[in-house]
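A.B. asks: Need the 3D shape of this:
(chains A, B, C, D, E, F, G, H, I and J)
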Number of protein chains: 10
Amino acid sequence: MSTQPSRALDSFENPNPERDYEIRFECPEFTCLCPKTGQPDFATIHIDYVPDLKCVELKSLKLYLWSYRDEGAFHEAVTNQILSDLVETTQPRRMTVIGEFMVRGGITTTIEASYP
Amino acid sequence: MSTQPSRALDSFENPNPERDYEIRFECPEFTCLCPKTGQPDFATIHIDYVPDLKCVELKSLKLYLWSYRDEGAFHEAVTNQILSDLVETTQPRRMTVIGEFMVRGGITTTIEASYP
Amino acid sequence: MSTQPSRALDSFENPNPERDYEIRFECPEFTCLCPKTGQPDFATIHIDYVPDLKCVELKSLKLYLWSYRDEGAFHEAVTNQILSDLVETTQPRRMTVIGEFMVRGGITTTIEASYP
Amino acid sequence: MSTQPSRALDSFENPNPERDYEIRFECPEFTCLCPKTGQPDFATIHIDYVPDLKCVELKSLKLYLWSYRDEGAFHEAVTNQILSDLVETTQPRRMTVIGEFMVRGGITTTIEASYP
Amino acid sequence: MSTQPSRALDSFENPNPERDYEIRFECPEFTCLCPKTGQPDFATIHIDYVPDLKCVELKSLKLYLWSYRDEGAFHEAVTNQILSDLVETTQPRRMTVIGEFMVRGGITTTIEASYP
Amino acid sequence: MSTQPSRALDSFENPNPERDYEIRFECPEFTCLCPKTGQPDFATIHIDYVPDLKCVELKSLKLYLWSYRDEGAFHEAVTNQILSDLVETTQPRRMTVIGEFMVRGGITTTIEASYP
Amino acid sequence: MSTQPSRALDSFENPNPERDYEIRFECPEFTCLCPKTGQPDFATIHIDYVPDLKCVELKSLKLYLWSYRDEGAFHEAVTNQILSDLVETTQPRRMTVIGEFMVRGGITTTIEASYP
Amino acid sequence: MSTQPSRALDSFENPNPERDYEIRFECPEFTCLCPKTGQPDFATIHIDYVPDLKCVELKSLKLYLWSYRDEGAFHEAVTNQILSDLVETTQPRRMTVIGEFMVRGGITTTIEASYP
Amino acid sequence: MSTQPSRALDSFENPNPERDYEIRFECPEFTCLCPKTGQPDFATIHIDYVPDLKCVELKSLKLYLWSYRDEGAFHEAVTNQILSDLVETTQPRRMTVIGEFMVRGGITTTIEASYP
Amino acid sequence: MSTQPSRALDSFENPNPERDYEIRFECPEFTCLCPKTGQPDFATIHIDYVPDLKCVELKSLKLYLWSYRDEGAFHEAVTNQILSDLVETTQPRRMTVIGEFMVRGGITTTIEASYP
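C.D. replies: All right, here's what the predicted structure looks like:
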């Protein structure tokens, strides 16, 4: 299995598709770059979903989040992008992604996007 | 871009208008003046909204909140004013503004106003 | 304006009657007397309301709460009394009063009353 | 008034029966005996109710809870018993009793029962 | 009664089947093995249920959770397995099992499954 | 024993005078009046001492603190006064009194005085 | 081994007497009776010691603390008594016992005694 | 007494000069301007001192801190300035001033200066 | 590098031996067996040391702590054993090991041992 | 002034060199790469120093910490390196640097180094 940053998300077969159940990830180690200034931004990403046929593979999620490290990304866009990518890969029954970004200009910003 | 206090709020185009998602700001650095005594008041302002076509630009929000520094403003009126200004500028699908003011006379006051 | 304890609550005109919004007060400095033993009781009083035409004036609220300092008052009755007085004075759209009383006999008592 | 442990719960007339309001007690000083081993158990008891015509008298509640000190009582049964006794005595509009028992065998047990 | 790890869950007769009430267990001492690497995983297991005719016996629950100590178990599968076993044994009116697993690869995973 | 506010502090014989040991009281229910404005002040009083021949009697301490309820008392003076009265009555080996007063004018004041 | 309350404290041989090291116990399940009123008191007992040749056996400590359940005991005296009994049984290099008693008359009392 | 911002600190006579005791102020409502950018800075100021002949008057302290509202002031310089001004006015036996400034550029700065 | 539990601790050369500096590890995933009952015990292990020529290698520390998973170990002995093994392997300038074990019989036990 | 990551630390003249006072920075936005695996590490860096003639300039500190973003750095070495660089640039009277790194392999590592 790769140990390089990658947008390719892996999944595995949901072991209990007969039941709606929730999977929650808390990822406090997210960083990207501010598209305006090029300076680093930091966030905690929360992912909460009900799998259908596929579950998000944990290690590939780590590599996926790592892939933003050298990319310029606005708070609003990057949170929606993570949601869209995870939805596309795993087709969950429902999913919410929350990005809690660290304070800039004395203001803390949090973005919360849900599917469907 | 200006670095002076200003009532002119900037916005940018919502990158994901096809989806209802929430943006939350926490602004602990708000101060205005008491209209009765002229003495400083301090508050934390929370803003929580679902954008439609436009998003609030973060730096102009900072300058907007700064613009109250030398103005007399009652707790109830200033919280409603912030809501009205932000609604007018960005026409969000929904928005809530909360002002948590520091203790006066042994009493802590919080104002919460929502649109629509 | 008076600086004496007083049951006379003042109000001022709601600056935004066109909108339902919430005003919350937290008053940790409430004390009255136990009607059975005459000994002091202490409580934090929370008030949460949606104003109609009138808002509770903060300083008169302080003097109003002070007016219980030398009065015997059961937990249940005093919390309901505060609610009734505030409702009568300001005719809010809705209001909740919570009294959190300090531990007596190893038991903490909280009373929560709402209008309507 | 008695100062001995007693199952006889006292009540007093609800001063505000015209209104639904909530009374909450937190009682961290509850102890009984394990019916299997005879060893002491400890719990915090929470009581939350809307009175009808009668309110639970605080001192008799203390003596009532004390009356379990030398009794064998399973977690599930004792929490339901407290609810049943309080309902029988005061005929509340609704009531919830929660028993938070301290850790046994590495596991913390909480029981929550409601009327009606 | 056994003091060995065992999948055989014991139950006892619900003392109050006439009433819907909740029983909650918090079990911070759960460990199993990662099926991929064979390395230990640790979790806190929360169980919350409304009993029908039978209640989960606390000591057998401890032995049941202990039985995973030397087993390979994916986060998603083990949480669903605990739910299925407890449902089969006690036929509750409803039940939720939550597994809060400790951080791996900088990410904390929580699984929440419910019956029915 | 009296149940009225009183400056007369009672003591009892130290059961273990052969040993230096500490007794700590936390009293969150202290109130007096501001000598300038006549308005109520509230504080938590902490007392920490090593008894010599006499210990402070708990109920008389409660009545003693109650005795300030209708007295004008500056923060600095009242904390020192409590220390002096307790030292005079019980002649401890050492004692510290801390008064944590609630916020006035946006500023929280704490006074800490020690003997010897 | 007994499962009855008992003042007989057991000890076992210190496995590392060549080294000064600390053993700390936190016991939140202590209850005794007030010698004046006969009513229950509750406390958390902290024990912190450096063993010499003998260590306190954990189960006998539990039974020892249980033995106070039906005894009248003043806060100051019982904390010192626990220290004296533990010192006599195990002859530690040094030991501290702290009793944190729950609030009575609005005042929380803590006793801390040390040997030597 | 003035209600305008002022560098003129008032003092009053220490009521207990015969004893070393500590006075602590916590002032969370401090704001000044950044000398480089002109933008507002916010801080909590802690003052801790042992008075000699004079004590700091609380209301004049509030007006003194207010006087920085429209002044450019570096974190290091303003904290030392507050210490120097308070020392000059009240000649305390010892004093510490701590300025906890809110996050700028992802970094939180705290300055602590003491006399003598 | 091995991925099996192992008592063989690895070390690496201290990059800054010219300076005394502290390294702290917090390991919340420790489990062993009770030598009396064979049942699992759980603890958080804290290690705090000043390296001399060698530093503890993190992965081998994980495997070392894992090696206790199937061993019977008294709280006092295992904490001292971890200290002795780490001291022998890395010859630090000083080291402290703390074992915080989860509650047994209503009592929480913590062991703290230091070298030299 | 540069807005690029840079090892060149700027300083400014200490405004109060006549007095020993402390400056503390908390920097929760530090990331570097693991030299073994190339994967990102995250830490909070605390810096605490007494300046002599020069103070650390805040913006250049941000750029300095940013300069580690693409560098491989062991926990022990990078914390000592930050200390050495800051000491060389500003020649403080004393300085402490603490690096709190996020959990790896179930273990949290903290490094604390001081000068002199």
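
A.B. asks: C-alpha from now on. contacts and neighbour counts both.
C.D. replies: Will do.

A.B. asks: Let me know the helix or strand that the residue lying closest to A:Val97 once chain neighbours are set aside is in.
C.D. replies: Nearest-residue entry for A:Val97: A:Ile47, 4.6 Å, with adjacent residues in sequence omitted and distances by Cα to Cα, 6 or more residues apart in numbering or on different chains. In this structure, A:Ile47 is located in strand A:40-50 according to DSSP states H and E.

A.B. asks: Would you mind identifying the next helix or strand past that strand?
C.D. replies: strand A:54-56.

A.B. asks: Look at the nearest residue to A:Pro40 once chain neighbours are set aside and report its pLDDT.
C.D. replies: Using Cα to Cα, 6+ apart and skipping residues adjacent in sequence, the residue nearest A:Pro40 is A:Leu33, 4.4 Å away. At A:Leu33, the model reports a pLDDT of 95.

A.B. asks: Next, count neighbours for A:Phe12.
C.D. replies: 12 (other Cα atoms under 10 Å in any protein chain shown).

A.B. asks: Tell me which helix or strand the residue most central in space within chain A sits in.
C.D. replies: Most central in chain A under Cα atoms, centre = their mean is A:Ile82, positioned 4.3 Å from the mean C-alpha point. Using DSSP H and E, A:Ile82 sits within helix A:75-90.

A.B. asks: So which elements touch the helix or strand that that helix is followed by?
C.D. replies: Remark: after helix A:75-90, the chain's next helix or strand is strand A:94-104, criterion DSSP H and E. Packing partners of strand A:94-104 (3 or more Cα pairs under 8 Å, 6 or more residues apart in numbering or on different chains; DSSP states H and E): strand A:40-50, helix A:75-90, strand A:107-115.

A.B. asks: And the second one, what's buried?
C.D. replies: Taking 16 or more other Cα atoms under 10 Å in any protein chain shown as the basis for neighbour counts, the residues of helix A:75-90 that come out buried are A:His75, A:Glu76, A:Val78, A:Thr79, A:Asn80, A:Gln81, A:Ile82, A:Leu83, A:Ser84, A:Leu86, A:Val87, A:Thr90.

A.B. asks: Can I get these in CSV including distance to D:Val97 and pLDDT?
C.D. replies: Listed next are these as CSV, based on distance: Cα to Cα, whole Å; pLDDT from 0 to 100:
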residue, distance to D:Val97, pLDDT
A:His75, 45, 95
A:Glu76, 44, 95
A:Val78, 46, 96
A:Thr79, 42, 97
A:Asn80, 43, 96
A:Gln81, 46, 96
A:Ile82, 44, 97
A:Leu83, 41, 97
A:Ser84, 45, 96
A:Leu86, 43, 97
A:Val87, 42, 96
A:Thr90, 43, 94
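
A.B. asks: ok, the residues you listed vs chain C, which is closest?
C.D. replies: Closest approach between these and chain C, by Cα to the nearest Cα: A:Glu76, at 27.8 Å.

A.B. asks: Skipping its backbone neighbours, what lies nearest the closest one in space?
C.D. replies: A:Ile111 (6.3 Å).

A.B. asks: can you pull the contacts of A:His113?
C.D. replies: Check again: residue A:113 is Ala, not His. Each residue near A:Ala113 by Cα atoms under 8 Å, 6 or more residues apart in numbering or on different chains is listed here: A:Thr79, A:Asn80, A:Leu83, A:Thr96, A:Val97, A:Ile98, B:Arg19, B:Asp20, B:Tyr21, B:Glu22.

A.B. asks: Now the buried members of those residues.
C.D. replies: A:Thr79, A:Asn80, A:Leu83, A:Thr96, A:Val97, A:Ile98, B:Asp20, B:Tyr21, B:Glu22.

A.B. asks: which stretch of helix or strand covers A:Cys27?
C.D. replies: Assigned by DSSP H and E, A:Cys27 falls in strand A:21-33.

A.B. asks: how distant is that strand from the center of its chain?
C.D. replies: 6 Å (Cα atoms, centre = their mean, to the nearest Å).

A.B. asks: Identify the residues contacting it?
C.D. replies: A:39-51, A:65-66, A:68-73, E:76, E:106-114, J:42.

A.B. asks: ditto for stretch A:73-93
C.D. replies: A:9-11, A:32-35, A:49-56, A:95-99, A:101, A:109, A:111-115, B:15-16, B:23.

A.B. asks: Low-confidence bits of chain A, can you list those?
C.D. replies: Along chain A, segments meeting pLDDT under 70 span A:1-2.

A.B. asks: in stretch A:40-58, what counts as buried?
C.D. replies: Applying 16+ other Cα under 10 Å to stretch A:40-58 flags A:40-56, A:58 as buried.

A.B. asks: The closest residue to A:Gln39 other than its chain neighbours pairs with what?
C.D. replies: In this structure, A:Gln39 finds its nearest non-sequential neighbour in A:Leu33, 5.4 Å apart by Cα to Cα, 6+ apart. Beta-bridge partners for A:Leu33, by DSSP bridges, are A:Pro40, A:Gly72.

A.B. asks: From A:Val78, how far off is A:Leu33?
C.D. replies: 11 Å (Cα to Cα, to the nearest Å).

A.B. asks: for A:Ser6, same thing?
C.D. replies: 15 Å.

A.B. asks: show me what contacts the residue in chain A that chain F sits nearest to?
C.D. replies: Per Cα to the nearest Cα, A:Gly106 is where chain A lies closest to chain F, at 21.3 Å. Residues near A:Gly106 by Cα under 8 Å, 6+ apart: B:Cys27, B:Pro28, B:Glu29, B:Lys62, H:Met102, H:Val103, H:Arg104.

A.B. asks: Can you measure across stretch A:11-24, start residue to end residue?
C.D. replies: Note: stretch A:11-24 ends 15 Å apart using Cα to Cα.

A.B. asks: And stretch A:101-116, how far out from the chain middle?
C.D. replies: Using Cα atoms, centre = their mean, the offset of stretch A:101-116 from its chain centre is 13 Å.

A.B. asks: End to end on it, go ahead and measure it.
C.D. replies: 23 Å.

A.B. asks: Same check on stretch A:45-58?
C.D. replies: 14 Å.

A.B. asks: next one: stretch A:41-58
C.D. replies: 23 Å.

A.B. asks: which residues touch that stretch?
C.D. replies: Residues contacting stretch A:41-58 (Cα under 8 Å, 6+ apart): A:9-14, A:17, A:20-34, A:86, A:90-102, J:29.

A.B. asks: Can I get the buried part of those as one ChimeraX selection?
C.D. replies: The buried residues among these can be selected in ChimeraX (16+ other Cα under 10 Å) with this line:
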select /A:9,10,11,14,20,21,22,23,24,25,26,27,28,29,30,31,32,33,34,86,90,91,92,93,94,95,96,97,98,99,100,101,102 /J:29
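
A.B. asks: nearest residue to A:Glu112 other than its sequence neighbours?
C.D. replies: Nearest non-adjacent residue to A:Glu112 (Cα to Cα, 6+ apart): A:Ile98, at 4.3 Å.
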